[in-house]
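# Mind folding the following:
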Amino acid sequence: MVQGLVQTFLVRLPMAYIMSIQPNASLTMIGLAAPTSTAVGIVLNVCFFLYLERKEKNPKV
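Residues are numbered from 1 along each chain as shown. So this is what the prediction gives:
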């Protein structure tokens with residue numbers, strides 16, 4: 001859930017806005033916000049997975 005909110009509010013919307021106010025704005029540039037957001041989501045999920053794996057292998061008593 002947090003990952004989805006980060007993707008939407010911290011990546012997709014700001015990137016779409018920044019791309020839309022550029023002098024040579026195009027739908028292609030604005031549309032790049034969606035795949036970029038997905039890539040960020042994948043990175044966040046992989047990082048969280050690795051964190052859980054490390055935590056499982058080395059539990060602190």
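# remind me, longest helix of this protein?
If you go by DSSP state H, the chain has its longest helix at helix 33-57.
# how about that helix: buried residues?
Of the residues in helix 33-57, 33, 36-37, 40-41, 44 count as buried by neighbour count, 16 or more other Cβ atoms under 10 Å. (C-beta placed from N, C-alpha, C; glycine too.)
# Under the pLDDT cut-off, which ranges of this protein? List them.
For the chain, the stretches with pLDDT under 70 are 61.
# got a list of what the closest residue to residue 4 other than its chain neighbours touches?
Nearest residue to residue 4, sequence neighbours excluded (Cβ to Cβ, 6 or more residues apart in numbering): residue 41, at 7.3 Å. Shown in contact with residue 41 (Cβ atoms under 8 Å, 6 or more residues apart in numbering): 3-4, 6-7.
# Likewise for residue 44?
Residues near residue 44 by Cβ under 8 Å, 6+ apart: 3, 6-7.
# From those residues, list the buried ones, please.
Neighbour-count burial (16+ other Cβ under 10 Å) applied to the contacts of residue 44 gives residue 7.
# Narrow the contacts of residue 44 to those in helices?
In this view, the contacts of residue 44 that belong to helices under DSSP H are residue 3.
# circling back to that earlier point, pipe the contacts of residue 41 into JSON lines and attach distance to residue 24 per row.
As requested, those are exported to JSON lines (distance: Cβ to Cβ, whole Å):
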{"residue": "3", "distance to residue 24": "32"}
{"residue": "4", "distance to residue 24": "31"}
{"residue": "6", "distance to residue 24": "29"}
{"residue": "7", "distance to residue 24": "26"}
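# Pick the one among those closest to residue 28.
Residue 28 lies nearest to residue 7 out of the contacts of residue 41, by Cβ to Cβ, at 20.1 Å.
# doesn't residue 40 make contact with the closest one?
Yes. Between residue 7 and residue 40 there is a contact at 5.9 Å, judged by Cβ atoms under 8 Å.
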